[in-house]
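1. make a model of this:
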Amino acid sequence: MNKYINVGLVGYGTVGKGVVKILEENKKIALRKVGKPIRIKSICDLRSIDKPELYVKNFKDIIKDPEIDLIVELIGGYEPARTIIIEALKAGKNVVTANKAVLAKYWDQIFTTAQDCQKSIYYEASVGGVIPVVQGLSEGLASEEILEIKGILNGTTNFILSEMTKNGVNYEAALKSAQNSGFAEADPSFDVNGIDTANKLAILSSLAWGDWIKVKDISVKGISDLDIEDVLITQNFGYDVKLIGSAEKTKDGIDLSVQPCLVNHDHAFATVENEYNAVMITGKDSGDVLFYGKGAGQQPAASAVVSDIINLSKFIVTNTAGIVPDVVYDKRIKIKVLHSGKSKASYYLRFSILDKPGVLSKISGILGKFKVSIASLTQSDISDNDCAQIIIITHKTCRENLEKALKQINATKSIVKSKVVKIKIEI
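-> This next block holds a predicted model:
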């Protein structure tokens, strides 16, 4: 029997270096909780590293090493990450990963392999950084019928939206600030287009309802075309703009979406700023349960990875890891997903209308034709000589009805000067 829990690390980037640092600094904590010391035995990366005594050029050598108990995959992306995880499980290794993209895309294959091989895969860091939402959902709320999952799941976009809200700057300036602060990549498209949030929502939804919820089933809209004008106007209406990943159980199926939404100033999500994330899970008996913490940055992500290493190591020591599946995935379970057009919500609409008689009656007529009911109508102070800004808040309405109405309004050049802005009111 090994004297240590031997870890093979694949990927020595920002998070990987943080993992090594935390394990070295907190080795006494790990020993107390596991009963055996945990050590990094091998590190694989595309480039040579600052620990040459641990460097392994080919990840296959780590998978084949009989002394390795646990493999940590931190390279990101789809391949070779999928291959590393699958081959590690087949070789009798337990796995820790922070890779939300590969889990969302290959959920069925990864967890079927884990079950077949009776090995564990832990993935807390894949959703919400340091927030223990995966453990909370799978263990703390194990008895619950989950009704809703809603969350701010991306630190980059939340930092950008915080900059726009607090400082009144436009999207481009806020993005540059996020990049300068280290919270946005040089190419931020994965974050700002909502894909990162969609991957995380797919993981939480799959865990909550037992089926494989695919990213393609989620209606996704990012924040890159968000106008600072709407951020400022909605502030006066008592709202903050947040990128919300939402999964709601309805009688007709799971309603899934990622999009900029308006939340009330007095809601918990409105206080979530900068790189912080928050997830609200609603259970039938538990009610609302809120998880909150840093969702971006080296140390928060690395902390979540190390926590997974420690928790998984407890089961490795007793030879019980994977005997009971961490995720019970049954291909026979099929959860119906609600078509995005059937989703119902209230909306904020901003119209740049031609300032002449009869325009408002035409707009209200088209909205009424498609069963979109107006809750309130306000004229904005922002206007020019021939154009007026009209703000409409709708009652709850079917999304496809609203889309049809706006399509007709946008096509009528005698009514509007530019495309109508639409933002969902979430809370």
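
2. mind listing the strands for the stretch 251-400 of the chain?
-> 253-264, 276-283, 287-294, 344-354, 374-379, 387-394, 397-398 (DSSP state E, counting those that start in this stretch).

3. out of those strands, the one nearest N154 is which?
-> Of all the strands of the stretch 251-400 of the chain, strand 276-283 sits nearest to N154, with 7.4 Å by Cβ to Cβ. (Each C-beta comes from the backbone N, C-alpha and C, glycine too.)

4. F111 is in contact with I121, isn't it?
-> Yes. Counting by Cβ atoms under 8 Å, F111 touches I121, with 7.2 Å between them.

5. so can I have a markdown table of the strands of the stretch 251-400 of the chain showing distance to D230, mean neighbour count and mean pLDDT?
-> As requested, those are exported to a markdown table (distance: least, Cβ to Cβ, whole Å; neighbours: other Cβ atoms under 10 Å; pLDDT from 0 to 100):
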| stretch | distance to D230 | mean neighbour count | mean pLDDT |
| --- | --- | --- | --- |
| strand 253-264 | 9 | 22 | 97 |
| strand 276-283 | 22 | 22 | 97 |
| strand 287-294 | 26 | 16 | 96 |
| strand 344-354 | 6 | 20 | 94 |
| strand 374-379 | 13 | 13 | 92 |
| strand 387-394 | 9 | 19 | 92 |
| strand 397-398 | 19 | 18 | 96 |
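
6. how about this protein, which residue sits the furthest from its center?
-> Note on the chain: the largest C-alpha distance from the chain mean falls to P357, namely 45.7 Å (Cα atoms, centre = their mean).

7. and for D116, the neighbour number?
-> Neighbours of D116 under the rule other Cβ atoms under 10 Å: 11.

8. and this protein, what are its domain boundaries?
-> 5-129+298-317, 133-294, 341-425 (automatic domain parsing).

9. out of these, which is closest to I335?
-> Of all the domains of the chain, domain 133-294 comes closest under Cβ to Cβ, at 3.9 Å.

10. and K356, what does it touch?
-> The neighbourhood of K356, defined by Cβ atoms under 8 Å, 6 or more residues apart in numbering, contains no residues.

11. now the longest helix seen in the chain and strand 287-294, what's the angle there?
-> Counting by DSSP state H, the longest helix found in the chain is helix 298-317. For helix 298-317 against strand 287-294, the angle by axes from the mean of the first three to the mean of the last three Cα atoms, to 10 degrees is 120 degrees.

12. which helices and strands does helix 298-317 pack with?
-> Using 3 or more Cβ pairs under 8 Å, 6 or more residues apart in numbering; DSSP states H and E, the elements in contact with helix 298-317 are strand 5-10, helix 14-25, helix 27-34, strand 38-44, strand 70-73, strand 94-97, strand 121-122.

13. wait, which of these is closest to N277?
-> Closest approach to N277 among these is made by helix 14-25 (15.9 Å; Cβ to Cβ).

14. how distant is that closest one from the center of its chain?
-> Relative to the centre of its chain, helix 14-25 is centred 23 Å away, using Cα atoms, centre = their mean, to the nearest Å.

15. buried residues in that helix?
-> For helix 14-25, the neighbour count (16 or more other Cβ atoms under 10 Å) marks V15, G16, K17, G18, V19, V20, I22, L23 as buried.

16. can you tell me the element K249 falls in?
-> strand 239-250 (DSSP states H and E).

17. and that strand, what's buried?
-> Using 16+ other Cβ under 10 Å as the test for burial, strand 239-250 gives Y239, D240, V241, K242, L243, I244, G245, S246, A247, E248, K249.

18. with distance to L349 and pLDDT added, can I get the residues you listed in TSV?
-> Shown next, in TSV, are the buried residues of strand 239-250 (distance: Cβ to Cβ, whole Å; pLDDT from 0 to 100):
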residue	distance to L349	pLDDT
Y239	13	97
D240	18	97
V241	15	98
K242	18	98
L243	19	98
I244	18	98
G245	23	98
S246	20	98
A247	25	98
E248	22	97
K249	27	97
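
19. returning to what we had before: for V327, find the nearest of the domains of the chain.
-> Nearest to V327, of all the domains of the chain, is domain 5-129+298-317, at 4.7 Å by Cβ to Cβ.

20. gap between the two ends of the closest one?
-> Terminal residues of domain 5-129+298-317 are spaced 8 Å apart (Cα to Cα, to the nearest Å).

21. I'd like the numbering to begin with 136 instead of 1 from here.
-> From this message on, residue numbering opens at 136, which makes the last subject domain 140-264+433-452.

22. which strands and helices sit next to the strand holding K384?
-> With contacts taken as 3+ Cβ pairs under 8 Å, 6+ apart, strand 374-385 sits against strand 281-287, helix 290-302, helix 330-344, helix 363-371, strand 388-399.

23. got the angle between it and helix 363-371?
-> Using the same axes, to 10 degrees: strand 374-385 against helix 363-371 is 80 degrees.

24. any idea how far strand 374-385 is from the chain center?
-> Relative to the chain's own centre, strand 374-385 is displaced by 11 Å; criterion: Cα atoms, centre = their mean.

25. strands paired with it, and their directions?
-> Strand 374-385 has the following strand partners under DSSP bridges: strand 281-287 (antiparallel), strand 388-399 (antiparallel).

26. mind putting the ones you listed into TSV with distance to D326?
-> As requested, the strands paired with strand 374-385 are exported to TSV (distance: least, Cβ to Cβ, whole Å):
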stretch	distance to D326
strand 281-287	12
strand 388-399	11
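
27. wait, which of the ones you listed is closest to N305?
-> Closest of those to N305 is strand 388-399, at 14.6 Å (criterion: Cβ to Cβ).

28. flag the shaky bits of this structure, pLDDT-wise.
-> Residues of the chain meeting the criterion pLDDT under 70: 136, 515-520.

29. got the end-to-end distance for stretch 199-218?
-> Stretch 199-218 end-to-end distance (Cα to Cα) = 14 Å.

30. rewinding a little: more crowded one of F246 and I256?
-> I256 (27 against 22).

31. nearest spatial neighbour of the more buried one, skipping sequence neighbours?
-> V230 (4.4 Å; Cβ to Cβ, 6 or more residues apart in numbering).

32. burial measure for the one you found, as a count.
-> Residues near V230, counting by other Cβ under 10 Å, number 25.

33. likewise for K419?
-> K419 has 11 neighbours, counted by other Cβ under 10 Å.

34. what about P435, neighbour count?
-> Neighbours of P435 under the rule other Cβ under 10 Å: 23.

35. from P172, how far off is K163?
-> Per Cβ to Cβ, to the nearest Å, K163 is found 9 Å from P172.
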